[in-house]
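Undergrad: model this:
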Amino acid sequence: MTTPALVREPAPLAPVGAARRLTFRAVRPHLGTAAGVAIIAVLLWRLGTGVFLDGLRRIDTPTLVIGLAIGAVTTVLSAWRWQSVARSLGLRLPLGPAVGDYYRALFLNAALPGGVLGDVHRAVRHGQSEGDIGRGVRAVVLERAAGQIALTVFGAAALLVLPSPVRDQARDFAPLVAAGLVGACAVVAALRMNRAPGRRAGALRATLAEARRALLSRRNGPGVALSSAAILAGHVVMFVVAARVAGSAASVAALTPIAVLALVAMGLPLNVGGWGPREGVTAWAFAAAGLGADRGLATAVVYGVLSFVAALPGLVVLVVRWIAALRYSRAEVSSSKTAPKESARLARSSFPFSADPREGRPMTPDSV
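TA: Predicted coordinates for the structure are as follows:
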């Protein structure tokens, strides 16, 4: 007598809402890239590919050299600002490695979609080398926040004072924005006064204390403010150079507010290596200022190329450190095959990548 075969019940289907959430999570990282591609496609459809190619043809060797020089100044100042912020948080960061890491982050930001992956890599690697990823990430966040604060302050002043396509609108909305900020600060202050102390409140106070120490203290505040202003000035100068190369004869006073709008657009996570919103906003701003949308697109194209060229030393840093890491791994494999006595002698040598962690020397080429 045969036993009847067991019939397996079908597995329950996942809820439709859960499936939609999983699909959205898978698609969300690519939405910014798709938006950047869409913006570029619309611009090329409306203005034609000739404007884009004309901007590329106008770039010559002296222009590339100027872009490299401006990029070198802004990168060194940015690395110094990062070093100051990191030291205020108790992290060790020599200036030389900071410049190399910053160049590498700029190249990854320009070469990879999203425009922030290089900064994420910079934050995590520095945190790993110092044994505190959280503080490493906060140091990068605060360093970038300093740049955004400088852009906000200078941009608001430029848009309100200098002739710009949005000056009238900015003047109309400025009192409302100021009132909203004051109201928000009053609400936050009231909540902090009436809120019972808790774990989250303590974490928030610690974070705010770190921010004050890194950006507003007497030791760090002036240097961070001056370096941020100089970095922003370097970006504006590069934009003016790009406009001159693209054939625009507009004055610096007319181009500065447009440069601010372009820099703000570059911070939007809707780009492909920085391309997308910058070109759209620049073309619109040039058209609104009576300078021609095609000239604005050509200016944005030249600026994008100069920004990428300014970040190219990061590729050199990436390749050099990759080769150093490869050599170190090979040396480690070969040393593991030697006699114990020879291994002990190598460990006591002055070769930095074979040092013992307790000696305080770096263990990987990326942390040098």
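
Undergrad: Identify the residue spatially nearest to Gly304, adjacent ones excluded.
TA: Trp275 (5.8 Å; Cβ to Cβ, 6 or more residues apart in numbering). Where you see a C-beta, it was placed from the backbone N, CA and C, and this is true even at glycine.

Undergrad: Kindly report the same for Tyr102.
TA: Ala79 (4.3 Å).

Undergrad: Quick check: bridge partners of the residue nearest to Gly304?
TA: Legend: beta-bridge partners of Trp275 under DSSP bridges are Val272.

Undergrad: Give me the most central residue, the chain.
TA: Of all residues in the chain, the one closest to the mean position by Cα atoms, centre = their mean is Val116, 4.7 Å from it.

Undergrad: got a list of contacts for stretch 61-80?
TA: 95, 98-99, 101-103, 106, 143, 147, 223, 227, 230-231, 234-235, 237-238, 241, 245, 302, 305-307, 309-313 (Cβ atoms under 8 Å, 6 or more residues apart in numbering).

Undergrad: Stretch 81-93 too?
TA: With contact meaning Cβ under 8 Å, 6+ apart, stretch 81-93 is reached by 94-95, 98, 102, 126, 130, 132, 135-136, 138-140, 142-143, 146-147, 210, 213-215, 217, 219-220, 223-224, 227-228, 231.

Undergrad: Next: stretch 41-53.
TA: Here stretch 41-53 makes contact (Cβ under 8 Å, 6+ apart) with 279-280, 283, 293-294, 297-298, 301.

Undergrad: buried ones in that stretch?
TA: Using 16 or more other Cβ atoms under 10 Å as the test for burial, stretch 41-53 gives 43, 47, 51-52.

Undergrad: May I see the residues you listed arranged in CSV, with secondary structure and pLDDT as well?
TA: Shown next, in CSV, are the buried residues of stretch 41-53 (DSSP: H, G, I helix; E, B strand; the rest coil; pLDDT from 0 to 100):
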residue, secondary structure, pLDDT
Leu43, helix, 79
Leu47, helix, 78
Val51, helix, 80
Phe52, helix, 79
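
Undergrad: Can you mark which positions in stretch 143-150 are buried?
TA: By 16+ other Cβ under 10 Å, the buried positions in stretch 143-150 come out as 143-147, 150.

Undergrad: As JSON lines, the residues you listed with distance to Ile39, secondary structure and pLDDT would be great.
TA: Output for the buried residues of stretch 143-150, formatted as JSON lines (distance: Cβ to Cβ, whole Å; DSSP: H, G, I helix; E, B strand; the rest coil; pLDDT from 0 to 100):
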{"residue": "Glu143", "distance to Ile39": "28", "secondary structure": "helix", "pLDDT": "94"}
{"residue": "Arg144", "distance to Ile39": "23", "secondary structure": "helix", "pLDDT": "93"}
{"residue": "Ala145", "distance to Ile39": "26", "secondary structure": "helix", "pLDDT": "92"}
{"residue": "Ala146", "distance to Ile39": "28", "secondary structure": "helix", "pLDDT": "93"}
{"residue": "Gly147", "distance to Ile39": "23", "secondary structure": "helix", "pLDDT": "92"}
{"residue": "Ala150", "distance to Ile39": "26", "secondary structure": "helix", "pLDDT": "93"}
